[in-house]
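>>> Could you work out the structure for the sequence below:
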Amino acid sequence: MNRNRVTYICLIICFSIILVVMGNRTTEANGGLASFFKGETSVGKLASKTQGETRVQEVFFQEEKDLGKMAAVFQAQDIMLQDWSIYAREQAAGIDVKEYANVLRKKFPDWRWTERTTSETWEMTAVSTASNHHTEKLQFLATRTKQPTTAYIVYSVRGNEWNEASKSFIMSGQFGNRLNDIFRGKPTVFSCMKGVVSDKIDKALEKTANELMSGFQAKEIEALKEENFMSVSAMSPMFSDDIDLKNNNMNLQIGLRSEGLGGPTTVVVGTPIITIEY
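Predicted structure coming up:
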């Protein structure tokens, strides 16, 4: 199996898992989004909003800790960080997603907004590059071929350095308010870090993977191993959010790709799974 085919298969598997997991975790979110358009009393709105803020704050406080653990393992293994990301997604059922997108467009008028429509999908995207430390992206995705329409709200943050500025942004009041503006329930969240092992450090992929597994105190659930590519699904006590994979829970995925003799090795770690290409 050639490298491109392996990459394609792995990406299909990862995003298939994402869709299944997110489909199972969005019931709570649906009620909050629907009530936004149906209307509530002032007391009802306040109670719902307070509960939603608490759930969102809990989720992203956990994500800051998860990214911090990944960064610590990267540093211990001499992996040079290239990219970190938080990816949050919530199903938008029972609402007019285009109307909701326009509501948020008014909240973030300084973001760069674009809209794209095909025969099968509709998508609106907003990007903010106001910060030098990270990029924020907001997406509204909907199918046009199914009844009822399947729609999702996706929010992601990406940066190139995990430092005090990054930590401060994740835990800041501004970021918390942003999340509460976007999501009406508890979104499904994934955290990832990507880095490279220097070409001066000559290590076999399996050895690098084993060192990472040890750093995360992880137990292997299943693995795909090729000469220049390796993907490991595992369970680690360091992370709390897990998913079911063939009757085995997993909350950590490690991907490694070698450029060959003398070349660097790309390392990607995600919890509960990897959501970026590598």
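>>> what residues does stretch 222-233 touch?
Stretch 222-233 is contacted from outside by 1, 3, 6-7, 10, 205-206, 209, 213, 220-221, 245-246, 248, 250, 252-260, 273, using CB atoms under 8 Å, 6 or more residues apart in numbering. C-beta here means a position set from N, CA and C on the backbone, and glycine is covered the same way.
>>> Using CSV, write down the CA coordinates of the helix or strand S231 falls within.
Using DSSP states H and E, the secondary-structure element containing S231 is strand 229-235. What follows is strand 229-235, C-alpha atoms only, in CSV (Å, rounded to 0.1, in the frame of the first residue of the first chain):
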residue,chain,number,x,y,z
PHE,A,229,4.1,5.8,8.4
MET,A,230,2.5,4.7,11.7
SER,A,231,-0.8,5.4,13.5
VAL,A,232,-1.6,4.3,17.0
SER,A,233,-4.9,4.4,18.8
ALA,A,234,-4.4,4.2,22.6
MET,A,235,-5.9,4.8,26.0
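>>> other SSEs contacting the next helix or strand after that strand?
Later in the chain than strand 229-235, the nearest helix or strand by DSSP H and E is strand 243-245. Using 3 or more CB pairs under 8 Å, 6 or more residues apart in numbering; DSSP states H and E, the elements in contact with strand 243-245 are helix 3-24.
>>> In contact with the residue most central in space within the chain, which residues?
By CA atoms, centre = their mean, the chain has its centre lying nearest to Y87, at 2.5 Å. The neighbours of Y87, taking CB under 8 Å, 6+ apart as the test, are 154-156, 189-192, 275.
>>> Just these: which are in helices?
For the contacts of Y87, not one is inside helices, with DSSP state H as the criterion.
>>> which among those gets closest to F74?
Nearest to F74 among the contacts of Y87: C192, at 11.8 Å, using CB to CB.
>>> Let me know the distance separating E222 from Q82.
Here E222 is placed at a distance of 26 Å from Q82 (CB to CB, to the nearest Å).
>>> Between those two, point out the one with more neighbours.
Q82 (15 against 12; other CB atoms under 10 Å).
>>> and I274, how many neighbours does it have?
24.
>>> Now do the contacts for it.
Neighbours of I274 in contact, by CB under 8 Å, 6+ apart: 14, 192, 253, 255, 268.
>>> Dump these to JSON lines, plus pLDDT and neighbour count.
Shown next, in JSON lines, are those (pLDDT from 0 to 100; neighbours: other CB atoms under 10 Å):
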{"residue": "C14", "pLDDT": "45", "neighbour count": "20"}
{"residue": "C192", "pLDDT": "95", "neighbour count": "25"}
{"residue": "Q253", "pLDDT": "96", "neighbour count": "26"}
{"residue": "G255", "pLDDT": "96", "neighbour count": "25"}
{"residue": "V268", "pLDDT": "97", "neighbour count": "21"}
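>>> Among the contacts of stretch 222-233, which ones are in strands?
220-221, 245, 248, 250, 252-258 (DSSP state E).
>>> of all the residues you listed, which two lie farthest apart?
N248 and S258 (27.1 Å).
>>> ok, the two, which is more surrounded?
Higher neighbour count among N248 and S258: S258, with 21 against 14, using other CB under 10 Å.
>>> The more buried one and E206 touch, don't they?
No. Using CB atoms under 8 Å, S258 is not in contact with E206, being 10.8 Å away.
>>> hang on, the earlier thing: relative to V127, which of the contacts of I274 is nearest.
C192 (18.7 Å).
>>> For the protein, just list every one of the helices.
Counting by DSSP H, the helices of the chain are 3-24, 27-38, 42-76, 97-107, 164-171, 173-182, 205-215.
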